[in-house]
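1. Task: produce atomic coordinates for the following.
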Amino acid sequence: MAHHDRGSGMKYMLAGGSVMAALGLMMDIGGLMPHAAPKKEICQEIVQPKAILSRDQLTQLLSVSEGSDKAQIQQLVKTPYCRLPDIQAQVGAIAQREAYPLAFDPQTWLVILYEGNTYAGYAFSFRH
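-> Next comes the predicted model:
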């Protein structure tokens, strides 16, 4: 009986750990900005209707530090699908946003934020 309880406890611990890991992936390293944009963002301007972001591009982007040069990011991700309306990301700072549907899940967009010529981070927009 004790063996069965220990196995159940281990399952709950693993499930809890998986939930915590998933939440951790959705949060910025500093914990300041959740990486989930509001649903159904409206494009301000369609730039490249066939643009998508591959898994490889996404993986490379996630390894780039915030504060990097905008040109470095744009060289990696190429032309966006669209531009979203600017937002105030921090007090006194306006962020420009570009959206890229994911090749492996086109209903999920990666939204890249720039403050001037500086990469300011990313968010996901779930369009399901």
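
2. can you list the weak-confidence ranges in this protein?
-> 1-40 (pLDDT under 70).

3. quick one: the helices in it?
-> 2-25, 55-62, 70-77 (DSSP state H).

4. quick one, domains of the protein?
-> 1-30, 33-126 (automatic domain parsing).

5. what sits against the nearest residue to residue 116 once chain neighbours are set aside?
-> Distance criterion Cβ to Cβ, 6 or more residues apart in numbering; nearest residue to residue 116, sequence neighbours excluded, is residue 70 at 7.7 Å. Yep, even glycine has a C-beta here, placed from its N, CA and C like the rest. For residue 70, the contacting residues are 114, 116-119, by Cβ atoms under 8 Å, 6 or more residues apart in numbering.

6. Can you name the two of those residues that sit furthest apart?
-> The largest separation in these, counting by Cβ to Cβ, is between 116 and 119 at 10.2 Å.

7. Neighbour count: those two, which is higher?
-> Counted by other Cβ atoms under 10 Å, residue 116 and residue 119 do not tie: residue 119 has more neighbours, with 22 against 10.

8. what's the distance between the more buried one and residue 112?
-> 7 Å (Cβ to Cβ, to the nearest Å).

9. go on, residue 66?
-> Residue 66 is 11 Å from residue 112, by Cβ to Cβ.
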